[in-house]
Structures are given as structure tokens and as C-alpha cells.
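Visitor: got a predicted model here, sequence first, then my questions.
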Amino acid sequence: MIATLLVGMLCVYLLSFAVMFLLIGRRLGAGKMGMDAFAVGNLALGIAYVLQLLEGPAGWSWMGVVNHSLTLCALLAYSVGGLRFFGRQAPLLWPLAALALGYALVQITVEWALGPVARYVVLAAMCALCFAGMVVVLLAGLRTFARDLRGEVLLFATLISGICVLNVLKLVKLLAGGLPALGMDDQFQVVFYVYMCSLATVIPPFIVWVVLRRLTDKLRDMAARDPLTQLLNRRGLTEALDARLRRPNAGARLLLIDVDHFKHVNDRYGHHAGDAVLCAIVDVLRGAVGTDDLLCRMGGEEFAAVCPGADAATALRLAEHIRIAVASTVLLQVAGEAVRCTVTVGISRCFDDDASLVGAMQDADAALYRGKNAGRNRVEWGDATARVPAGGEGALGAQSAVEC
Ligand SMILES: Nc1nc2c(ncn2[C@@H]2O[C@H](COP(=O)(O)OP(=O)(O)OP(=O)(O)O)[C@@H](O)[C@H]2O)c(=O)[nH]1
């Protein structure tokens, strides 16, 4: 009686959460994060348990065959949902149809060749194997695709291990006691369905939490990045700097890099080509800065590089490297014509906290302004006390009086 009640509750949980997953998936639009597959999994398992209630005691029936096929299909759908959640493309419908049909044929063959107990033994063995496979994949994923969800994945793997163990025990009981071991009044069945009900209650909110976490991370990232170049925007730079400058002795220098006469590129080749040129310049910048440096698009054709721990000579070397690298790169080919650009770079004095970042920006901006007025394609210092010996275009190799 208790086990029957538990299976009834299980059906309600599974089917109502199937609807919830479906609604969340529709809300998410293109990036459904596997919600549609989780909905199909819950639907298949929910229907399987409804059939089990209708079927009565364990034994041969067509309803039982459909029930067992749906149970395995549910596991396949959950696996596909997991793959899709972690960004892998995986088909759902045709593998489900093939599995449902194939496993129905296997069941008929097993029943005919080995009898009814064997059909239930095969299901318990398949379920145990599938859950064990999921646990192994999840644990392996802790180092790769699921690195950012360590706690969640460990908890999930532990919960699934429980069902795996219960299926192994069910298999052993079936081998020892035959079909009566699956009687709804059996103590083991009660334990089995209590565990399943607990999982059906805990796992769906848990999945919703993981999706919410991914979504908020994505939104935070989108708010911090420029959509064209994927560089940090001003807001992202301030946040990233905040973390870097908390380190002791973490003074930094800011390089403002502005593309010269970029309006001409747009006017001559069109806005679309202008976008491609900006992206090509960003590639050059990415190749020039160090791994610890932060790159940011300040807006339009102006970029910033923040170099933590860089002294004046290092900042100057980097600025010159960027200036020469951009000038010597063919950024785009339009109808056989090479599009090239130059940049003017302003270097700020050393700063070491958020408050002085604003001052550093003004500093580098003033330098940039001077560089533009002096003919562009130059590197200029923001600090009035730091005079780099004039070196024509830029001042490569010049030493500065300003040190961090
Ligand atoms: N294609 C493209 N153009 C942009 C984008 N953002 C800003 N611009 C263009 O960048 C140009 C900037 O022009 P100006 O501020 O006059 O600067 P400039 O022509 O580079 O001249 P100087 O900075 O004085 O050397 C404008 O034509 C803007 O329309 C963008 O995202 N894509």
C-alpha cells in the first residue's frame, strides 16, 4: 500500500516537473540548456510509473514492455539533457525512437528465451549500468566541462550513485527470490520508492538552481563585455581591476590606444568593414599584451590596456610594440586592397586603486590628445614630469624618469 502511494506521488512529481522543465526551456529560447530533454525524460519516466500502477503485479504484459522501454528512454533523455546543458550538441528524438523499439524487441526475445524474471533482471542491470556511466562521466567532467560546478556535480553524482546501488540490490533480490521480490509490500520496494520520491523532489529544484547559476554568470559576463570584440567594457574593466588591485604592491599603468582617422575607414569601406578592422586590431592587441594584462574597449575606436606591475620602461615597450604591430599588419582586404591603420597611444602614470583609475584615464587621455595633435601614430606619456626623449614616431627604447 505504502509503495503504491509512493509510486503515485512519484508520477505526480515527475509529470508536474516535466511541465516546469518544458516551460523553462521555452522561456530560454534557443539556448534551452537541456531543459527540453529533461522534460522528455520526466514525461517518459512519469508515464512508465503510471503504467506500472495500471499493470498490477510484475509479470508479462505489453504494458510492462512499454513501461520498461520508457524507463530506459528516460535515462537516455536525461543523459542528452546533461550533454546539452554542458554545451554539447546531441540529438534526442531518433535515438529515443530507436532505443524504445530496440529495447522492446530485446524484452520480447529475453522473455521468450529466458522467462519473465530475466526481463526484470535485464532492466535492473541496464539501469545500474546507465547510472554508473553517468556518475563516471560526471566525475571525469569535474576537471573539464563541469569545472565551474564542482559542488553541484559532486552532490548530483552522489545522488545518482544511490539509485545505481539500489538497482544492483534489486537485481540481486530478483536473482535470489524471483518476481515476488518486486511485490509492492516488500520492504525493499518501499525503500526503493522512498529514495526515488526523494530524488524526484530534490533533483528538479537542483537543476533549476544550476540553470539559474549559469544564466546569471552569462548575464554578468554579457554586462561586462563589448559584444563586437568580446573585450571587457568599462564596467568589466573596473570589476576586473578591483580584484587585481587588491593584491599588495599591485601598481598598474594604463595605456589608452586610439585608432587614427578611423572615420575614413568607415567612410571608404563601409561600417561593416570598419567592424572587421576593429576586430583585427583587437587580435593584434591580444597578441601583444601579457597574460596578466587587461584589455578593454572603452568605446568606439578607443581601447585600453591595463598592465599590473609594469614599470615605465615596460609600459613604453608595450606601447611601442602595439603601435608598430598595428601599423605593420594588413587588417583587412577589400576587393584586393589592403586596409591598414595606425594607432596613437597615451600612457598614464602609475596608479594603485580604483579611485586613481579615473585620474589615470584622464592622464592617458591628455597624452592621447597630445599624440593626436602631434601627428598621430605616436606614443605619449601622461605624466607631465615624465618626458620621454623625442624619437620621431614614438619613443622606442627611451627610458623614463617615472617608475612604479
Ligand atoms: N565600424 C564601426 N565604427 C565605429 C564604431 N564605433 C565608433 N565608430 C566610428 O569611429 C569613428 C570615430 O571617429 P572620430 O572620433 O572622428 O575619430 P577618428 O576618425 O578615428 O580620428 P582621430 O581619432 O582623431 O584620429 C566614427 O566614424 C564612428 O562612427 C563601431 O563599433 N564600428
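Guide: Received the coordinates, thanks. Numbers count the residues shown, from 1 in each chain.
Visitor: where does the residue lying closest to residue 193 once chain neighbours are set aside sit: helix, strand or coil?
Guide: Excluding the flanking residues, the one nearest residue 193 by CB to CB, 6 or more residues apart in numbering is residue 6, at 3.7 Å. C-betas here are computed from N, CA, C, even on glycine. On the three-state scheme (DSSP: H, G, I helix; E, B strand; the rest coil), residue 6 is labelled helix.
Visitor: what's the answer for residue 333, then?
Guide: The three-state label given to residue 333 by three-state DSSP is strand.
Visitor: so it touches residue 280, yeah?
Guide: No: using CB atoms under 8 Å, residue 333 makes no contact with residue 280, being 10.5 Å away.
Visitor: of these two, which one has the most company?
Guide: A count of neighbours by other CB atoms under 10 Å puts residue 280 above the other of residue 333 and residue 280, at 17 against 11.
Visitor: I'd like the distance between the more buried one and residue 326.
Guide: 9 Å (CB to CB, to the nearest Å).
Visitor: let me see the mean pLDDT of the helix or strand that residue 216 is a member of.
Guide: Assigned by DSSP states H and E, residue 216 belongs to helix 187-224. Average pLDDT, helix 187-224: 90.
Visitor: then stretch 265-275?
Guide: Rounded mean pLDDT across stretch 265-275 is 96.
Visitor: next, see if that stretch gets close to the ligand.
Guide: Yes: shown here: stretch 265-275 in contact with the ligand (CB under 6 Å from any ligand atom) through 266, 271, 274-275.
Visitor: any idea where the strands of the protein begin and end?
Guide: 252-259, 294-299, 302-308, 332-334, 337-339, 343-347, 379-381 (DSSP state E).
Visitor: packing partners of the fourth one?
Guide: In terms of contact count using 3 or more CB pairs under 8 Å, 6 or more residues apart in numbering; DSSP states H and E, strand 332-334 is assigned the packing partners helix 271-288, strand 337-339.
Visitor: give me the contact list for stretch 68-80.
Guide: With contact meaning CB atoms under 8 Å, 6 or more residues apart in numbering, stretch 68-80 is reached by 34, 37-38, 40-42, 44-45, 47-48, 51, 90-92, 95-96, 99-100, 103-104, 107, 119, 123, 126-127, 130-131, 134.
Visitor: how about stretch 261-280?
Guide: Stretch 261-280 has contacts (CB under 8 Å, 6+ apart) with 228-229, 259, 300-301, 329, 331-332, 334, 339, 341, 376.
Visitor: now the residues you listed in a markdown table, with neighbour count and pLDDT?
Guide: Listed next are these as a markdown table, based on neighbours: other CB atoms under 10 Å; pLDDT from 0 to 100:
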| residue | neighbour count | pLDDT |
| --- | --- | --- |
| 228 | 12 | 96 |
| 229 | 20 | 96 |
| 259 | 22 | 98 |
| 300 | 11 | 95 |
| 301 | 21 | 96 |
| 329 | 16 | 96 |
| 331 | 20 | 96 |
| 332 | 19 | 96 |
| 334 | 14 | 93 |
| 339 | 17 | 96 |
| 341 | 22 | 96 |
| 376 | 15 | 95 |
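Visitor: how much space between the residue in the stretch 1-150 of the chain that the ligand sits nearest to and residue 145?
Guide: In the stretch 1-150 of the chain, the residue that lies nearest the ligand is residue 30 (24.4 Å; CB to the nearest ligand atom). Using CB to CB, residue 30 is found at 20 Å from residue 145.
Visitor: may I have the phi/psi pair for residue 31?
Guide: phi -90, psi 80 (degrees, to the nearest 10).
Visitor: do residue 34 as well
Guide: The phi and psi torsions at residue 34 (degrees, to the nearest 10) take the values phi 80, psi 0.
Visitor: run a quick neighbour tally on it.
Guide: So residue 34, with other CB under 10 Å, has 28 neighbours.
Visitor: residues in contact with it?
Guide: Counting by CB under 8 Å, 6+ apart, residue 34 has contacts 80-85.
Visitor: same question, residue 254
Guide: 304-307, 347-348, 351, 357, 360-361, 363-364.
Visitor: can you pull the contacts of whichever residue of the stretch 301-404 of the chain sits closest to the ligand?
Guide: Relative to the ligand, the nearest point of the stretch 301-404 of the chain is residue 301 (4.6 Å; CB to the nearest ligand atom). By CB under 8 Å, 6+ apart, residue 301 lies in contact with 258-259, 262, 278.
Visitor: appreciated, that's everything.
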